[in-house]
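1. this one's sequence-less:
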């Protein structure tokens, strides 16, 4: 009997893989064919052992001396992150952030394919934003079921976030990419990834203060 | 002689503080006056000791039994993160993401005040986006110096990111909020916070795969 084991990848590893990926793309553009974990680590200010361990998750093996073939490693990371296959997604909330996400062409490079957007504002329904049609939020379930949508991107105000999430889940969405600055209450079987810009901004604004405090001593 | 000591706040703490902040806002809206670290921890699925330690950085002290006064704690976190004072910022790159950032009204709640946007596309220069004027990127230095700008938000394509960052720094910017999916090479004295959406997406897309793999066993 063969045992099938699925390793759960640690989140820090998942957050570093895109950094390797983007570095590799730039190295490839410069005509470079191979790269070692030491070089990757140096470029990104990380520990080489950490880099090697992270890359091992994608099941590619480095060769002594030459390291990794860059094209192979790019492909391996893309496959590992499911960025080489289209994932149908819907967006809920077509305010300024939602509109930007529909227009952000990089998402399609990561396999994210917006098939519909939803809003409650009647004046928006039926219109197209960056080529994606806006539907009435009440029709969410029907469209999700028809198009086998796995990812729901939530870009509504905080007050509307939990209700919108609940409706997404009822419609069959398994994974929510949450841009509303709040904690969603969902069942354990539902994935929620909070892309909270305010958390990133907090790091920046506090560090500036600490920098000035130190300089003023 | 009094020793002045500035604690450097750990990044994970800085990333959790906005989560407490947004929870507190919602509790306050519901008419609640006090909250304990245990309740905060439970709501956000964190460890109460961790919550207490994080909040200690903001120099507010909880009271036995009742815990924290919510209004005080909100104020304390805002002050600690410098969200209660206006920080002048400029945006470089007015594509779909940059445009959204200029229109994202939540940023002003965090004290981020966009005084100018920059682009190299001639047809955009002189126009206003969400009330912010677009200038020629070559005029960056002059405007930064005049308005004491501390934060530069970088929303240009990868190919243009390093050059744009270099020009920002030459103009006197001390902190860069980088939305380009690449590692910037900057001097140690410059703060860079990478707000890389692809890192967050990577967590989501891989976890979906792992979820399906487990379900299919």
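-> Nice, thanks for sending it over. Everything numeric in this text was worked out from a predicted model, so none of it was measured. Numbering: from 1, shown residues only, chains lettered A, B, ... in the order given.
2. what helix or strand is the closest residue to chain B within chain A on?
-> Here the residue of chain A nearest chain B is residue A:100; by Cβ to the nearest Cβ that distance is 2.9 Å. C-betas here are computed from N, CA, C, even on glycine. Under the criterion of DSSP states H and E, residue A:100 resides in helix A:96-103.
3. What mean pLDDT does that helix get?
-> In this model, helix A:96-103 has an average pLDDT of 87.
4. quick one: that helix to helix B:96-103, angle?
-> Counting by axes from the mean of the first three to the mean of the last three Cα atoms, to 10 degrees, helix A:96-103 lies at 170 degrees to helix B:96-103.
5. Look up how far residue B:48 lies from the residue lying closest to residue A:85 once chain neighbours are set aside.
-> Nearest residue to residue A:85, sequence neighbours excluded (Cβ to Cβ, 6 or more residues apart in numbering or on different chains): residue A:111, at 5.6 Å. For residue A:111, the distance to residue B:48 (Cβ to Cβ, to the nearest Å) stands at 39 Å.
6. Of these two, which one has the most company?
-> Applying other Cβ atoms under 10 Å in any protein chain shown to residue A:111 and residue B:48 shows that residue A:111 carries more neighbours, namely 19 against 14.
7. For that one, list the residues it contacts.
-> Counting by Cβ atoms under 8 Å, 6 or more residues apart in numbering or on different chains, residue A:111 touches A:82-87, B:205.
8. Just the buried subset of those, please.
-> Buried members of these, counted by 16 or more other Cβ atoms under 10 Å in any protein chain shown: A:82-83, A:87, B:205.
9. and those residues as TSV, adding secondary structure and pLDDT?
-> Output for the buried ones among the contacts of residue A:111, formatted as TSV (DSSP: H, G, I helix; E, B strand; the rest coil; pLDDT from 0 to 100):
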residue	secondary structure	pLDDT
A:82	coil	94
A:83	coil	95
A:87	strand	90
B:205	helix	93
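10. Any chance of those in JSON lines with distance to residue B:14 as columns?
-> Converted to JSON lines, the buried ones among the contacts of residue A:111 look like this (distance: Cβ to Cβ, whole Å):
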{"residue": "A:82", "distance to residue B:14": "30"}
{"residue": "A:83", "distance to residue B:14": "29"}
{"residue": "A:87", "distance to residue B:14": "31"}
{"residue": "B:205", "distance to residue B:14": "26"}
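11. give the contact list for residue A:90.
-> Applying Cβ under 8 Å, 6+ apart, one finds that residue A:90 lies in contact with A:114-118, A:140, A:143-144, A:149, A:151-153, A:168, A:173.
12. Equivalent analysis for residue A:94, please.
-> A:102, A:117-119, A:121, A:124, A:129, A:134, A:155.
13. what does residue A:157 give?
-> Applying Cβ under 8 Å, 6+ apart, the residues contacting residue A:157 are A:93, A:95, A:180.
14. give me that answer again for 10 Å
-> If you count contacts by Cβ atoms under 10 Å, 6 or more residues apart in numbering or on different chains, residue A:157 has them with A:93, A:95, A:164, A:180-182, B:105-106.
15. now swap in residue A:194 and tell me
-> So residue A:194 contacts A:154, A:176-184, B:19, B:200, B:203 (Cβ under 10 Å, 6+ apart).
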